[in-house]
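Peer 1: no FASTA, just this:
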């Protein structure tokens, strides 16, 4: 039989993880198509009146602005001056008269090579130029800078400047052995241009060597942008007095660099390594930078945390040559003529073939009345196309990126800022357990940072682990009095548990009010308390009554185990500073009507127990009774963990359990009267250790005819004062291994400790606790109940040890708040009076360390 080779039928899935979704907004509608198919459109700029296009020839097309000797690779507007900068010379034009204003010669003139990119800084009145020779150059246009410029005279015996000889464009064929000169006229320049159309030496500016950074990159500087962006559509407010900008540059060396702009210099602040080929295009929105790369990726970079947020695969191995933003929509323009639109969650909401060539440039423009917007694109097919774009829908993220009106006098007075801000905060579905909400978690952090900033805090984002959600660090600085200010750290979390719609009466991510309660995911755990504490500090700050430094430390992965939290705190501890006390609000009262203070939490040890036969699953009808089954061993092994009367059978497990004091017994008697439950039940939940088998899972289909080859069980221990966490964890492992060895089973045992958290017990006699107890009493006119909880918060005992100070836990919500359940809610009264408790506590805390007179 002949050897027949079959074709390879393996289907390789597209590597992009962004979902193509159907959007309510259709792809943009083509309004106009302008151009000449024999000329490539290399660069674009637009204002409300005109579209300016630069091409391979010597013209800028609006009307014909001639005066270049090469390709016009970049254009930039200085709208407040009515200027257009063009990169082939470089030259400055009036956008009103279309006449030249200046000739700007780069340092080294033609030695700088092609001018690939331009950016105008309106605050400093400086133009930045990215060059082919890897240099970064700039020239200022304020009066002081112009007065200091060096002027050169061109021509012989005349003060009228003409353009300089270009060693490439003004060259002769090599066989002629003639040096380059203006008579070569390879571009058929008009007489007016070649002989000097610019009258007066004031029109000529030569960039000085002091305005150059040589080898700013190790590759051509293809693109640049300002941060915050001045481009139409990027969602940034108009320039403010004293506004400062950063310069962002992208290069063929696969890096994006951030530069601090001064009036006479640039200083590099950070460099991102993009690792996806040359960076060909850049656009910025807020503090997020989008970098279009050579191989079809767009890297989403967060300047605040200096981290890569996401890598969008637009079309693999197809260069992304231009980027534009319209509010939360990102438009990517590719070398195959396609344009894609991406939502704020990086889903592709539209894709269309826009040109029959390489899309080289794009810009967003708007009408005079700002009621209509368009995307303008140019390509090497010679056409400029104008697309009518619809503003993106007000989704959960896009409506929050414009934080300039987040908390304004027109929307909220200081009295209801808390509920207004909370409604915005809850609308971001920051579900840390779901990878599809990873960007929502990051946006929640960005939003909270900006919210704290508006309320008066100095705020920043701190990176955690790779692909992790950042920490939000914000400090409300109190007024310095006669004594050193106490520094209080408030810990919370902005991530939430998932909220499947089943069981909810309303959308879980839209705050709704009913019967004095606010409903929504996170209103009680933990976004509501965060807003209450932030607004309490803001109100004290406004009246100069804040006498402490209140440091917010809000994480984004508390609901999933706080991955990277400890390492991030150690790395950034110097930014947090010294701390005198820790405050949190991450639980509820024991009843509906009596305020509480939590002073204790149990610790936890989570473990996985696995038994495996080492062979595949078997059929019980064939091997039943002959094979040693892992399930039987697992049942016997788990049974060794518990003894009589529900006691844990691990040796020495109870040796260090803190005995209940007489004072604690009295507390349980009081709580028993409030809850109508025996004190012994509360004690067993809060102050006694326990063991739980959570589940037992098997390999294979799990039906009744299969002997599973592997059985896995999840087991946890809850520990209490004064049990040692590491000792208890090791005792569990040792007990399981020792018990299994006695079985003499051929199956294989594996025991792992997955994660742990230590117990926590507050100091009821300390000055900080007394200050908090006084604040609760003064607000509610009743002594707060002192309660403990059976759960664990890993960060609290860690923060106590790391900063060497006591922690305080003030629950704000009621026992019926349904945290983690459908219809989560919080009482408006609790939220408002909780804010008042915090204000009272911060006022009392001002004098905690003050010496007695």
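Peer 2: All right, it came through fine. This structure is a prediction, so every number in the text was calculated from the model and none was measured.

Peer 1: only C-alpha atoms from now on, for both contacts and neighbour counts.
Peer 2: Will do.

Peer 1: where does the stretch 101-250 of the chain have low pLDDT?
Peer 2: Within the stretch 101-250 of the chain, the ranges that satisfy pLDDT under 70 run 144-172, 174-175, 181-202, 235-241.

Peer 1: so where is the stretch 701-850 of the chain shaky, pLDDT-wise?
Peer 2: Counting by pLDDT under 70, the stretch 701-850 of the chain contains low-confidence ranges at 850.

Peer 1: again, only this time at 80
Peer 2: For the stretch 701-850 of the chain, the stretches with pLDDT under 80 are 702, 849-850.

Peer 1: what ranges does it have for its strands?
Peer 2: 706-707, 710-719, 748-757, 760-761, 785-789, 807-809, 825-827 (DSSP state E, counting those that start in this stretch).

Peer 1: will you turn those into CSV that also has mean neighbour count and distance to residue 600?
Peer 2: Formatted as CSV, the strands of the stretch 701-850 of the chain follow (neighbours: other C-alpha atoms under 10 Å; distance: least, C-alpha to C-alpha, whole Å):
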stretch, mean neighbour count, distance to residue 600
strand 706-707, 22, 45
strand 710-719, 22, 12
strand 748-757, 16, 13
strand 760-761, 22, 4
strand 785-789, 20, 4
strand 807-809, 24, 9
strand 825-827, 27, 23
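
Peer 1: among those strands, which comes closest to residue 676?
Peer 2: Across the strands of the stretch 701-850 of the chain, residue 676 has its closest neighbour in strand 785-789 (14.4 Å, C-alpha to C-alpha).

Peer 1: residues contacting that closest one, please?
Peer 2: With C-alpha atoms under 8 Å, 6 or more residues apart in numbering as the contact definition, strand 785-789 has outside contacts at 590, 594-602, 667, 671, 685-687.

Peer 1: now with 7 Å?
Peer 2: Contacts with strand 785-789, where a contact means C-alpha atoms under 7 Å, 6 or more residues apart in numbering, come from 595-602, 686.

Peer 1: which of those residues sit farthest apart?
Peer 2: Farthest apart among those by C-alpha to C-alpha are 595 and 602. That separation is 21.1 Å.

Peer 1: low pLDDT regions in the stretch 551-700 of the chain?
Peer 2: Within the stretch 551-700 of the chain, the segments meeting pLDDT under 80 span 619-627.

Peer 1: hey, where'd the strands end up in it?
Peer 2: Under DSSP E, counting those that start in this stretch, the stretch 551-700 of the chain gives strands at 581-584, 596-601, 603-612, 618-619, 690-698.

Peer 1: would TSV of the strands of the stretch 701-850 of the chain with distance to residue 835 be doable?
Peer 2: What follows is the strands of the stretch 701-850 of the chain, written out as TSV (distance: least, C-alpha to C-alpha, whole Å):
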stretch	distance to residue 835
strand 706-707	58
strand 710-719	32
strand 748-757	29
strand 760-761	24
strand 785-789	18
strand 807-809	14
strand 825-827	12
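
Peer 1: which one of those lies closest to residue 98?
Peer 2: strand 825-827 (62.1 Å).

Peer 1: so what strands line up beside that closest one?
Peer 2: Counting by DSSP bridges, the strands paired with strand 825-827 are strand 517-519 (antiparallel).

Peer 1: tell me the most buried of the strands of the stretch 551-700 of the chain?
Peer 2: Using mean count of other C-alpha atoms under 10 Å, the stretch among these with the greatest mean number of neighbours is strand 596-601 (a mean of 24).

Peer 1: can I get the strands of the stretch 551-700 of the chain in CSV including distance to residue 636?
Peer 2: Formatted as CSV, the strands of the stretch 551-700 of the chain follow (distance: least, C-alpha to C-alpha, whole Å):
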stretch, distance to residue 636
strand 581-584, 42
strand 596-601, 32
strand 603-612, 12
strand 618-619, 21
strand 690-698, 13
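
Peer 1: now do the contacts for the spatially closest residue to residue 702 that is not a sequence neighbour.
Peer 2: The spatially closest residue to residue 702, leaving aside those adjacent along the chain, is residue 708, at 7.5 Å (C-alpha to C-alpha, 6 or more residues apart in numbering). By C-alpha under 7 Å, 6+ apart, the contact set of residue 708 is 617-618, 698-700.
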